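Enquirer: here is my input; please provide its structure:
(3 chains)
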Amino acid sequence: MSTDATSRPSIAGVDVSRVALYAALLGMVAFYLAPLESGLATAFKTPEGFRTTTPFALPPVGEFTVDAWGTAFDRLGTGLTNSALMAVPATVLSALFGSLAAYGLTNLEWRGQVGVLMLFVAGVFIPYQAVLVPLTQFWSFVDLAGRLPISAVDRYEGLINLSITHVAYGVPICTVLFRSYYATIDDEMLEAARLDGASAATIYRRIVLPLSVPIFAVTLIYQFTQIWNDLLFAIVLVSDPSNQVVTVALNQLQGSFVQQYNLQMAGAFVAALPTLVVYVLFGEQFAKGVAGET
Amino acid sequence: MARLQLDSVQKRFGEGDDSVLAVNDLSVDIADGEFLVLVGPSGCGKSTTLRMVAGLETITDGEVRLNGEVMNERGPAERDIAMVFQSYALYPHMTVRNNMRFGLEESTDLDDETIDDRVESTAELLEITDLLARKPGALSGGQQQRVALGRAIVREPKAFLMDEPLSNLDAKLRSQMRTELQQLQADLETTTVYVTHDQTEAMTMADRVAILDGGELQQVATPLEAYHRPANRFVAGFIGEPSMNFVDCSVAGETLVADDFAYPLDAASDSASDVIGSLDETAGATLGIRPEDVAVVEGDGGDDDSAAAAGDRLAVADEPLPDDVDASHAFAATVGVVEPMGDENVVHLALDDGPELVATMDGLRRVREGRRVTVGLPSNAIHVFDAESGEAVRNRSLETAALDAARV
Amino acid sequence: MSSPSSAAPHRGDSDDAPDEQGGSEPATRTDGGAVVDGADEPAVATGQTKPSWLARVQQSSFLESLPFWGPPGLLVLLFVYGAIAWNFVISLTGWEGLGAPDYSSLSAEMYARLLSDPSFYAAFRNTLVLLVAFTALSLVVGLLVAILLDQQIRFENTVRTIYLLPMSLSFVVTAIFWSWMYNPRIGLVNEVLRSLGLGGLTQAWLSDPQFKLGAIVFALMWQFSGYCMVVYLAGLRAIPDAQYEAARIDGASTIRLYWRVIVPQLRASTMSAAVVLVVFALKAFDFLFVLFGVNPGESADILSVMMYRVAFDRIQWAYGSAVAMVLFAMALGVIGPYLFVQYRRGEL
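Expert: Predicted structure coming up:
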């Protein structure tokens, strides 16, 4: 962008266009944060405080409370645990599968590679509605709890089904993310490894995988967010209330506390907390994952 | 150590009408311990050939044999060959030590102690012992190149393959490494195939050179053979810097003619009739002469009006031509651009009769632009090529060519 | 196995080599070396010179790559392609209610029903409106924000992090926020309007059929423009500074500069972002479900919600599958050409 400062209009030495720029940026910050700030403020208000103040005003003295949060945690605690139990393995597995698939389709040369890759890429874009009905049929047919008489399976069948589903539908995007990264690996280096006597598996284990740490970070962060935030699969595939994940629980909470926005807001934040924390800590990686979709 | 044979090796990329023939019917027999350089312009197929030997490209036709065993079907890991890449291709996440250990860990059963010993002795040989704990990212280009070499040497393979390993180095470092590489190869006595586009590297390092152009092998010979007795016009023009002068002529009796330029072939000593006989008369012939063989003397054998008129008090009397230049092979010319290189002067000459030639002469001789000179083309130094096929019909005679300091 | 000419050749031999003046054959000169003629060496097994079929397969590393992309590929094959195919078959049955589907008699009955169902047309129309409006709005806002961010501002990373924050939230969470924001009495939107003196513009955003869809589009844009911003920022960064300078020297005003020089070069970014947005809009379910449940009403019902309602609320499985197939076809219509173009451009 132009760095020519001499032609800029200024008033009393202050660059007008820069001021306007920062004003606009600030405006956008307000735009994106307003709902969140208001929500957060509301979550700390008593119902009285909530009724008497404007949404984005901070809780007035005396109307500050953490009651809403307590209720929220009570209602969503199990959901949080369930989401974690389901999301963490699914994230790790889908990332791993993505890495393996991308390696086989990128760093090893064989004919028909691009065609298979396209089939993976196309999988990124399918609307999940197109597989919902078959999925329900599939899982009732598989009937894990019935076939594997292990108490853990019985107790968490819904979560296991959901987790496996997320792994399967996460493979395409993870493959795409890893693929663009693996395409930048120096071919000659891999050839050198071949000449050194390494097999394809050894090359993956000793060279490609160690070099994949940055892209693993990106993929894990991105996938975790996607899986944690999902509602559709969770509603359709998990019927047992004890297996309910936090997004479903939050939806129910909203339904049972209509108009009690302070409770709803607290609930929303509690449910969003893990992804928010992850985002604040690893925003850079998340942004890369988001951009990697292109 | 091994004998490496390429037998009618061919590489075709793609299929059918769109296919590209990168290497066509290449046969070279490389002796145990030999340093063979594959040289040629970009796209001539030298890298493809090297990669076929390495097993990184499939061989469309022909055989590659290492110590008599056919290698075609074997993967790169099974050929006991080590390669040094142009980009060095080091493993960035491993230390230098681990880079060098990798090949031995993956392709041998040696125990850790033996491997470490080998790595350390190779590091000593290449003077990179203090780099062993560093990672490639912390090394300079020259250091990385040594590590790449070390990685190959430590494996004690049957053959080294090197794909333009010096081209990413700056000029000074390159000539230093050239000498080192030569010494190393001589010490290790490992058969080496070295690819480069730089004919200087080829000339200085090779036991023999194999010159390729457009996938076709032009000549396999020792460097001096290729220099003094090129097989065809391509080799003659490729080897040698500045390159050989060429004059395209037609054949008139026993004289080569190009417009006003006429070069009679000396009947007595050159077997001129043989030369003419082996030419395709309708095509014509190309006269070739190396810049260092072009004799240049001051004065053009005519009057000195031009010099006197210019009031040039430094004008000297005409010098005589050297003994081996016959009067019929002397031509008047004007000096064009002069490039003083220090050890020699590269002089561009425009002959009155037409052709433009380049001559090199001793650096201490002072020649000025615009001067009139006489150019001598000794008959024992000329090459004659068939204009159509490019084949060398006559090369310079080495016996009669004295290693004349004044000319070289 | 001896070669016709000298043995170990080394430099300096040129004087010893025979003086080969005069007619040599057109064959390649091999001074000092040997042309290895297979016929001269019966001891060496020449065998086939062309690689065998089996060797080519092995060398082509297809087999050794299989263990890597095979298992994930199998998952994708089953869960994506297999499931869609199964869905299609189900849509051809008349399956509804409890019990198993009847695969024996297949017909396009469900599709016929779709074409005569007014709620389908409403949902279809709304889906298209949502698609176009949401995509266009998100792209424009994303582009503007990206341009702002590209101006070498301080705290760029912090600001960028804030703009992308909504993308990290679940749609359940954002639906809860916006249901409150759009509350006619105490919601932030109407409060802001009132405080700006524009009280007349306040609406019942989520209950008034006129504004429902628009309100949804706006809220979704809030969530997604950060994504567009990231994409456009990368695209902007790829344009060399020199172009801005050259245009300025040519006398272009800022707006013209961007409109005529910069934006056309962002076509690739626009396309890829648009594809993602469109496909998302097609499957956007979570947000509406939390806000409206299975019945958003005729003005805001979109195909993805309709599918859920039909299949899981009314338990008309086959009919739901048919709606899903329509969604799939629409998605295919967008990603098909896109993937094709990407493939042709070699950017795959």
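
Enquirer: shaky segments in the stretch 151-294 of chain A?
Expert: Low-confidence segments of the stretch 151-294 of chain A, defined by pLDDT under 70, are located at A:292-294.

Enquirer: residues from it in reach of chain B?
Expert: Applying C-beta under 8 Å from any C-beta of the partner chain, one finds that the stretch 151-294 of chain A approaches chain B through A:186, A:188-189, A:191-199, A:202, A:206-207, A:210-211. In this view, the C-beta of every residue, glycine as well, is placed from N, C-alpha and C.

Enquirer: now, those that are in strands?
Expert: Among these, DSSP state E puts none in strands.

Enquirer: quick one: the strands in chain A?
Expert: Under DSSP E, chain A gives strands at A:10-11, A:14-15.

Enquirer: by mean pLDDT, show me the worst of those.
Expert: Lowest mean pLDDT of those: strand A:10-11, a mean of 57.

Enquirer: okay, now the unreliable bits of the stretch 51-200 of chain C?
Expert: Ranges of the stretch 51-200 of chain C meeting pLDDT under 70: C:51-60.

Enquirer: relative to chain A, which residue of it is the closest?
Expert: residue C:68 (3.0 Å; C-beta to the nearest C-beta).

Enquirer: distance of that residue relative to residue B:100?
Expert: Noted for residue C:68: a distance of 28 Å to residue B:100, by C-beta to C-beta, to the nearest Å.

Enquirer: who has more neighbours, those two?
Expert: residue B:100 (30 against 23; other C-beta atoms under 10 Å in any protein chain shown).

Enquirer: quick check: what element follows the strand or helix carrying that one along the chain?
Expert: Here residue B:100 sits within helix B:96-107, counting by DSSP states H and E. Counting by DSSP H and E, the next helix or strand C-terminal to helix B:96-107 is helix B:112-126.

Enquirer: what residues sit buried inside that next one?
Expert: B:115, B:118-119, B:122-123, B:125-126 (16 or more other C-beta atoms under 10 Å in any protein chain shown).

Enquirer: could the residues you listed be laid out in TSV, adding pLDDT and distance to chain C?
Expert: TSV is the format used below for the buried residues of helix B:112-126 (pLDDT from 0 to 100; distance: C-beta to the nearest C-beta, whole Å):
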residue	pLDDT	distance to chain C
B:115	94	26
B:118	94	28
B:119	95	29
B:122	94	26
B:123	94	29
B:125	92	23
B:126	93	24
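
Enquirer: now distance to residue B:21 too, for these, in a markdown table please.
Expert: A markdown table is the format used below for these (distance: C-beta to C-beta, whole Å):
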| residue | distance to residue B:21 |
| --- | --- |
| B:115 | 43 |
| B:118 | 41 |
| B:119 | 42 |
| B:122 | 39 |
| B:123 | 43 |
| B:125 | 41 |
| B:126 | 39 |
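
Enquirer: farthest pair within those?
Expert: Pairwise distances across the buried residues of helix B:112-126 (C-beta to C-beta) peak at 16.6 Å, for the pair B:115 and B:126.

Enquirer: for chain B, give me its nearest residue in chain A.
Expert: Closest point on chain A to chain B, by C-beta to the nearest C-beta, is residue A:197, at 2.7 Å.

Enquirer: how much space separates that residue from residue B:76?
Expert: Distance from residue A:197 to residue B:76, by C-beta to C-beta: 9 Å.

Enquirer: report the closest residue of the stretch 151-300 of chain B relative to chain C.
Expert: residue B:231 (3.6 Å).

Enquirer: I'd assumed residue B:217 was in contact with that residue.
Expert: No. Applying C-beta atoms under 8 Å as the test, residue B:231 and residue B:217 come out as separate, 9.7 Å apart.

Enquirer: dump the residue contacts of residue A:272.
Expert: Counting by C-beta atoms under 8 Å, 6 or more residues apart in numbering or on different chains, residue A:272 touches C:169-170, C:173.

Enquirer: and chain A, which of those residues reach it?
Expert: C:169-170, C:173.

Enquirer: turn those into TSV, including secondary structure.
Expert: Formatted as TSV, the ones next to chain A among the contacts of residue A:272 follow (DSSP: H, G, I helix; E, B strand; the rest coil):
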residue	secondary structure
C:169	coil
C:170	coil
C:173	helix
